[in-house]
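Participant: Okay, predicted coordinates and the sequence, questions at the end:
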Amino acid sequence: MNIIIRLREKYATLLSDKQIPLIHSRIRILTFGLLLMLALITVITINSLVKSDFKTALRLSISIAAMSAGLYFLFEKSRWRLAGHLFMLSLCSIIWTNILFYSFGINLVTLQLSLIIISASFYILGKNWGIVYSLINVLPIILHLLFTHSQNGKITVTPLQLNNSSFMLALVVNFGILIAMHHEFFKSFFKSNSKERELNIKLQSALKEAQEATRLRSDFLSSMSHELRTPLHAVIGLINVLSVENPRKDQEENLAVLRFSAENLLALINDTLDFSKMNAEQIVLNKSPFNLTVLLNNILASFRPKAEQKNIDIRLNLDFGNLPLHITGDQTRLAQILNNLVSNAVKFTDNGGRVEISVSIKNRSQDHISLLFAVKDSGIGIPRNKQEIIFEPFLQANNNITKRYGGTGLGLAIVKRLIGLHQSELNLVSEENTGSVFSFEISYELAAPIVSQEPEPVNSPVISTISNLNILIAEDNIINIMLLKKILDQWNCNYSLSKDGKEALDMVKTGVFDVVLMDIHMPVMDGFEASRQIRELPDVNISKIKIIALTASSDVDIQQSFSYTYLDDYLTKPFSSQLLKEKLEGVVQQLSGK
Ligand code: ADP
């Protein structure tokens, strides 16, 4: 009794939950086969002994030993595969000895056994061993058929055999084993299938939930960062205003700290938003034609003041000279990649160093061009063991970087993903205290040169300075309005206010304005729509009015739409008063026809 309990316990541990249904079935078929066959062969052996058929008894006792060993390995050692081999070998030995040494013939039971071996070896031991054991057990049958032409392949079931009780028992038990084995295997097959289906359904719904959660997180971040950016723009804008109002030395220092912190915070907000959008796979590349040479020169110009502060020699090295190169692609994302890399190059290069942005043509066909971009600096470099981790979000080469240079550690993670979206990768060669080169290759379609839209003459009085300009401010945020008023008041500008796009449109229709400073995110009617409707007004003197968009720095859409359709120019918040002055002076020049 104890033995049965122990065996049941062992059997339960063999069928642990960790295993898949298929393994359970294999172990069940093996256990069932071993026990039943062992019982059957033992009965036949005893029967043979009773009938003094010692040859059969000896032959079958080999199989009894092999099957007993199989059961030992199965229950005592949990080695079910080894037990499976012993089971197969013992069955094969019955076939071999029966055909070659004992009855020298094939009968129904031999064929049944042969079928059991073929099916059981595949079910228990898998495809490869299934083939091996099938061949081992079929071989003596084929040999026998080849060498004994006398039987003409007929299966012998003699009346003598039919009267033999062992033969009858074996026949019935073998049928039982065949049926049970297939039943068990197909049960596990369907169980696995339905389990897989169940898992698939669960997986699908988990995926949906995860995608929804990511989208919600990204939407939340997007609206939150917009709310955070607005006051931050005002802070930075006011710092700019205060900086030009002749502050005392100590105030100047305080303003510098304030600016550093506010700009860092803004960069963190923008980067986090961008990164989360990228993770939510919400970023797709837009394609429009642009002039690469102009873009690169603009990037260079935007970093020049910072580089000059540190006495860094910053230059552009284009192997197509300064000739215009018109390509089709995502201008904003390319600018974002280069801005990040150049910003790092300038940041991590000490006074008197060099930064070079180079672009070379790797391949050019009739309609495509492959360009190699590289940003090289003579800065602090990156230690070899940190050259991988710096591409991970929020990781920097060492802990002192934030203290000394600021930054969020998100820039390169964003750049890497953006370059990935272009089906390319970012490469780095760097040596500590010598400098770094970040490079990547992107293939673009070539585009036809962009025809610049010459402004049509507008009947307006001669305007010589920005104080003569009639400016319409379209802005809903009171802090931004206050800031703009403060800046424009410095230059004695004439301006009017509208609190949304609709009001701006109405005022443009009735008033006489030279330029609109158009915020993009506004209630009632946004800046895009207002600009579009202004451009469609029938009076050309009104529809050609200059529109300068005011955008948040991560407003990629606006920079895309600034494909010169509705907007003449844009300013990224927070902008310096100097930049606004330059833009307005540009308007003055255009209006005065210079
Ligand atoms: P951040 O510049 O905001 O710290 P990045 O992801 O752009 O974040 O860069 C990660 C880190 O990689 C930086 O903190 C710096 O340690 C290192 N790094 C990036 N570019 C350079 C460079 N041109 N020279 C030296 N170190 C660099």
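Facilitator: Yep, it's here.

Participant: What residues of the host helix or strand of residue 256 count as buried?
Facilitator: Following DSSP states H and E, the helix or strand that holds residue 256 is helix 249-279. Residues 255, 258-259, 262-263, 265-278 are the ones in helix 249-279 that count as buried (16 or more other C-beta atoms under 10 Å). C-beta here means a position set from N, CA and C on the backbone, and glycine is covered the same way.

Participant: Which entries in those are shared with the contacts of the ligand?
Facilitator: Taking C-beta under 6 Å from any ligand atom as the test, the ligand is in contact with none of these.

Participant: which helices and strands does whichever helix or strand residue 589 is part of pack with?
Facilitator: Of the helices and strands defined by DSSP H and E, residue 589 is found in helix 577-591. Packing partners of helix 577-591 (3 or more C-beta pairs under 8 Å, 6 or more residues apart in numbering; DSSP states H and E): helix 478-490, strand 546-552, strand 569-573.

Participant: Pull out the buried residues from that helix.
Facilitator: 577, 580, 581, 583, 584, 586, 587, 588, 590, 591.

Participant: For the fourth one, give me its contacts.
Facilitator: To tie it back to what came earlier, the one meant is residue 583. Neighbouring residues of residue 583 by C-beta atoms under 8 Å, 6 or more residues apart in numbering: 548, 569, 571.

Participant: near the ligand, from those residues?
Facilitator: Among these, no residue sits close to the ligand (C-beta under 6 Å from any ligand atom).

Participant: Which parts of the stretch 251-400 of the chain are strands?
Facilitator: Secondary structure of the stretch 251-400 of the chain (DSSP state E, counting those that start in this stretch): strands at 288-291, 313-318, 326-329, 354-364, 368-377.

Participant: which parts of the stretch 201-350 of the chain sit against the ligand?
Facilitator: Contact residues, the stretch 201-350 of the chain versus the ligand (C-beta under 6 Å from any ligand atom): 340, 344, 345, 348.

Participant: Give me the buried subset of the residues you listed.
Facilitator: For these, a burial check counting by 16+ other C-beta under 10 Å picks out 340, 344, 345, 348.

Participant: and the residue of the stretch 101-250 of the chain nearest the ligand?
Facilitator: Nearest residue of the stretch 101-250 of the chain to the ligand, counting by C-beta to the nearest ligand atom: residue 225, 16.6 Å away.

Participant: and the chain, which residues reach the ligand?
Facilitator: Residues of the chain lying close to the ligand by C-beta under 6 Å from any ligand atom are 340, 344-345, 348, 377, 379-382, 390, 396-397, 401, 407-413, 436.

Participant: 5 Å instead, please
Facilitator: Proximity of the chain to the ligand, by C-beta under 5 Å from any ligand atom, involves residues 344-345, 348, 379, 382, 390, 396-397, 401, 407-409, 411-412, 436.

Participant: Out of those residues, grab the one that's most surrounded.
Facilitator: residue 345 (27 neighbours; other C-beta atoms under 10 Å).

Participant: Report the contact partners of it.
Facilitator: Residues near residue 345 by C-beta under 8 Å, 6+ apart: 355, 375, 376, 377, 379, 436, 438.

Participant: any idea which element residue 440 lies in?
Facilitator: Assigned by DSSP H and E, residue 440 falls in strand 435-446.

Participant: how far is that strand from where the chain is centred?
Facilitator: Relative to its chain's centre, strand 435-446 lies at 21 Å (C-alpha atoms, centre = their mean, to the nearest Å).
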